[in-house]
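Undergrad: For reference, the sequence and a predicted model appear below.
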Amino acid sequence: MDKDGLQKILEASFDEIFVVDSEGVVIYVNKACERHYGLKASEFIGKSSYELAAKGFWFPSVTPQILRDKKRISLIQETLIGVKLLVTATPVLDEKGDVSMIVMNARDVTELEKLKKELDNITNLAKRYKTEAEEFRKKELDTSDFIICSQKMNDAFEVAKRVATVDSNILILGESGTGKSYLAKYIHKMSKRCKCPFVTLNCASIPEQLFESELFGYTSGAFTGASKSGKPGLIELAETGTLFLDEIAEIPVGLQAKLLEVIEERRFIKVGGKEAKTVDVRILAATNRDLKALVDKGLFRDDLYYRLNVIEITIPPLRERQDDILPLVNYYIDKYNKKYGCKKYFSRGSLDILLSYSWPGNVRELSHVIERLVVIVPDDVIKPHRVSHLSSEYDVSLEHDRFPSCAQLVPLEDALKKVEKEIVITAHNRLRSSYKVAEALEISQSKAYRLIRKHCEDGVK
Ligand SMILES: Nc1ncnc2c1ncn2[C@@H]1O[C@H](COP(=O)(O)OP(=O)(O)OP(=O)(O)O)[C@@H](O)[C@H]1O
């Protein structure tokens, strides 16, 4: 084939063919260069590829590496007009083994690169969503053993969810057994610190003399009996995580100033130590006492109180969230039935007692009562006399002869009257309105009114 024929083939190639000599001077480039650089071939010929690369016609440059390594390489280059090229550069060696020229063929892979990038983005996004979804599912699953049905509990958990991520100190208030410790763990799990430790210090359970060494740790030989290697304090163990100070009202007065310093400066000194250490912890605190009243009485430092109480969440007592009682009873009877391999259930009457009881010990008491009943009641059905101690209104003596037994032959009229009286009194005591009694017993309001007047000493409300 003659030179013209060869030239035609090279020009017809859709891929770019770019040739430089051993000095890096461009000796040939075909028409494809117009698409790749927006320039004619004549504008390249005779120019130094080093200079062209230095002016940013393409990046990265391949010539220096080929001249050095004398080996074929492929790489992605970007041209000054943003075209992405897949370049394969092949050295042509002379008889001495030196590079006499470099032949490069380049294919436009801009679209391909774009697609690859999009695919990478999609894959990364999918990965991110997957981890986020897993995190979320994990967090959501964590509340499956915690019953939140009432509006008041929902509100408290909504606030907790919102403030979990802001890293501020939170004070959780509520009577004993309402779920304050659980809420603290929930806040930790919903926070950015969820993968780091959650450390609880129960301020009521540590003797005052040991408090400081428990919280701050001690250095070797800090006091008689101290371990030789020293000991890290709970605050150090909580590094990057959350320190939960339960029953904070019980913290010894003398230590309140030290705790304040930790909270304000995030610094502490170990017992027997000289240097202050810094820590990165989030502080959550809880108490079932009226902390503000203790501040007013001078028993709790007000500056510490305000530091701890950046955000306050109160968990209402169970008696103020009636809607949670039945779901909690169902949850715990199920839990303890599984634990003890039983099939116990509450009769309607005993459920009524559980629902109207005030639960001063809150959920902890409810859980204990149900566990005890599941263990001690021999029958599957748990009847009202088993829970009568929880009812101030319920008269145990009524239990056995409450309704005439079917085996007894008593005048029907008397038996019916007795049942009617019992039902009306129960309904009236619980519902305190003739309208509600009528609705519950499915009778007219006027009949309910009449029956309440007849049977109930305190009349109609
Ligand atoms: N809503 C709930 N659903 C299920 N279990 C609950 C609920 N609230 C509390 N509990 C359970 O009741 C018990 C007491 O809860 P927790 O220890 O969190 O209460 P607390 O307010 O911190 O009590 P204290 O003030 O005595 O330390 C725990 O076993 C907890 O799992």
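TA: Received the coordinates, thanks.

Undergrad: Can you report how many residues lie near residue 304?
TA: Number of residues near residue 304 (other Cβ atoms under 10 Å) recorded here: 22. Placement of C-beta: from N, CA and C, glycine included.

Undergrad: how much space between the closest residue to the ligand within the stretch 301-450 of the chain and residue 11?
TA: Closest contact between the stretch 301-450 of the chain and the ligand, by Cβ to the nearest ligand atom, is at residue 363 (3.5 Å). Residue 363 sits 85 Å away from residue 11 when distances are taken as Cβ to Cβ, to the nearest Å.

Undergrad: Residue 36 now?
TA: 15 Å.

Undergrad: more crowded one of residue 363 and residue 11?
TA: Here residue 363 and residue 11 are set side by side on neighbour count (other Cβ under 10 Å), and the busier one is residue 363, at 23 against 12.

Undergrad: any idea how far that one lies from residue 147?
TA: Following Cβ to Cβ, the distance that separates residue 363 from residue 147 is 8 Å.

Undergrad: Need the overlap of contacts for those two.
TA: Applying Cβ atoms under 8 Å, 6 or more residues apart in numbering, one finds that residue 363 and residue 147 are jointly contacted by residue 328.

Undergrad: which ones are touching residue 175?
TA: Listed by Cβ under 8 Å, 6+ apart, the contact set of residue 175 reads 288, 317, 360, 362.

Undergrad: Quickly check those for the two that are furthest apart.
TA: Every pair in the contacts of residue 175 was compared (Cβ to Cβ); the two farthest apart turn out to be 288 and 360, at 11.6 Å.

Undergrad: Which residue of these two possesses the greater neighbour count?
TA: Counted by other Cβ under 10 Å, residue 288 and residue 360 do not tie: residue 288 has more neighbours, with 19 against 12.

Undergrad: Against the ligand, how distant is the more buried one?
TA: Taking Cβ to the nearest ligand atom, to the nearest Å as the measure, residue 288 and the ligand are separated by 4 Å.

Undergrad: Not counting its neighbours along the chain, what's nearest that residue?
TA: Excluding the flanking residues, the one nearest residue 288 by Cβ to Cβ, 6 or more residues apart in numbering is residue 176, at 4.6 Å.

Undergrad: same thing with residue 71?
TA: Closest residue in space to residue 71, ignoring its immediate chain neighbours: residue 91 at 7.0 Å, by Cβ to Cβ, 6+ apart.

Undergrad: which stretches of the stretch 101-250 of the chain have low pLDDT?
TA: Within the stretch 101-250 of the chain, the set of residues satisfying pLDDT under 70 comprises 125-126, 128-144, 221-229.

Undergrad: My error: substitute the stretch 301-450 of the chain in the last question.
TA: Flagging of the stretch 301-450 of the chain using pLDDT under 70 yields the residue ranges 392-409.

Undergrad: show me where the stretch 251-400 of the chain has strands.
TA: Taking DSSP state E, counting those that start in this stretch as the test, the strands found in the stretch 251-400 of the chain are 267-269, 276-278, 282-287, 311-314, 345-346, 381-382.

Undergrad: Break the protein into its domains for me.
TA: By the assignment in automatic domain parsing, the chain contains the domains 3-108, 146-316, 321-400, 403-455.

Undergrad: what about the shortest one, distance to the chain center?
TA: Yep, that's domain 403-455 we're talking about. A distance of 51 Å separates the centroid of the chain from that of domain 403-455, by Cα atoms, centre = their mean, to the nearest Å.

Undergrad: residues touching the residue positioned nearest the centre of the chain, list them.
TA: By Cα atoms, centre = their mean, the chain has its centre lying nearest to residue 190, at 2.5 Å. Taking Cβ under 8 Å, 6+ apart as the criterion, residue 190 is in contact with 139, 160-161, 164-165.

Undergrad: gap between it and residue 154?
TA: Distance, residue 190 to residue 154, using Cβ to Cβ: 15 Å.

Undergrad: Enumerate the residues of the stretch 301-450 of the chain near the ligand.
TA: Counting by Cβ under 6 Å from any ligand atom, the residues of the stretch 301-450 of the chain lying close to the ligand are 328, 363-364, 367.

Undergrad: Let me know the helix or strand that residue 86 is in.
TA: When secondary structure is defined by DSSP states H and E, residue 86 falls within strand 84-93.

Undergrad: same for that strand, what does it pack against?
TA: Counting contacts by 3 or more Cβ pairs under 8 Å, 6 or more residues apart in numbering; DSSP states H and E, strand 84-93 packs against helix 63-69, strand 73-79, strand 99-108, helix 110-142.

Undergrad: for those, which one sits closest to the ligand?
TA: It is, among the helices and strands packed on strand 84-93 and with distance given as Cβ to the nearest ligand atom, helix 110-142, at 11.8 Å.
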